[in-house]
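>>> With the sequence up front, the predicted model follows.
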Amino acid sequence: MKRLLTPLICLFFLLSGPAWSQEGPQLQLPRVGLSAGMHLIQAQVAATPQERAVGLMFRKDMPVNEGMLFVFEQPSGQCFWMKNTLLPLTAAFVADDGTIVNLANMQPQSLDSHCSAKPVRYVLEMHQGWFDKRGIKAGSRLNGAPFTK
């Protein structure tokens, strides 16, 4: 029996390996237009567990008004870190109605955890400083299709 298990385990890892590894940025995710007041955002949408796990990892650059919107199935405490992420980012933890609950500045390649102050379904990552430069803070509201009921 032990002889049979070893080849089966190897086969499992060979077949499942690519699904778990990511070597480059994910650039082909669907996009959604959002706004924060008069400021427009083009956000890639990470909606599956694999898309959310990779997020903005491996990106060496990103247009100024582009970001990534992480969409979860239901509101819960969300925590993010920056493993394999090369750009400094700010995470906006966003309630269902588009209200920003809290913001967290995150440093590249850090394993520090940055969490929502209360349960949320959405997290929008933008270049670090993007929100500050536009006067957008906790309590500000984002608009767009994900936040309309």
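On my side now, so go ahead. These figures come from a predicted structure and were not determined experimentally.

>>> Below-threshold pLDDT in the protein: ranges please.
The chain contains residues with pLDDT under 70 at 1-22, 149.

>>> So which residues of it form strands?
Using DSSP state E, the strands of the chain run over residues 31-36, 39-46, 66-76, 79-80, 89-94, 100-106, 114-115, 120-127, 143-144.

>>> ok and the fifth one relative to strand 66-76, angle-wise?
What that stands for is strand 89-94. Per axes from the mean of the first three to the mean of the last three Cα atoms, to 10 degrees, the angle that strand 89-94 makes with strand 66-76 is 40 degrees.

>>> Against residue 48, how distant is the closest residue to residue 98 other than its chain neighbours?
Computed as Cβ to Cβ, 6 or more residues apart in numbering, the closest residue to residue 98 that is not its neighbour in sequence is residue 147, at 3.4 Å. For every residue, glycine as well, the C-beta is placed using N, CA and C. Noted for residue 147: a distance of 20 Å to residue 48, by Cβ to Cβ, to the nearest Å.

>>> And the residue nearest to residue 98, how far from residue 71?
Separation of residue 147 from residue 71 (Cβ to Cβ) stands at 11 Å.

>>> now swap in residue 60 and tell me
According to Cβ to Cβ, residue 60 and residue 71 sit 25 Å apart.

>>> Settle it for me: which of these two has more neighbours?
Higher neighbour count among residue 60 and residue 71: residue 71, with 16 against 7, using other Cβ atoms under 10 Å.

>>> give me the beta-bridge partners of that one?
Beta-bridge partners of residue 71, counted by DSSP bridges, are residue 122.

>>> Touching, it and residue 45? I think so.
Yes - Residue 71 lies in contact with residue 45 (Cβ atoms under 8 Å); the separation is 6.1 Å.
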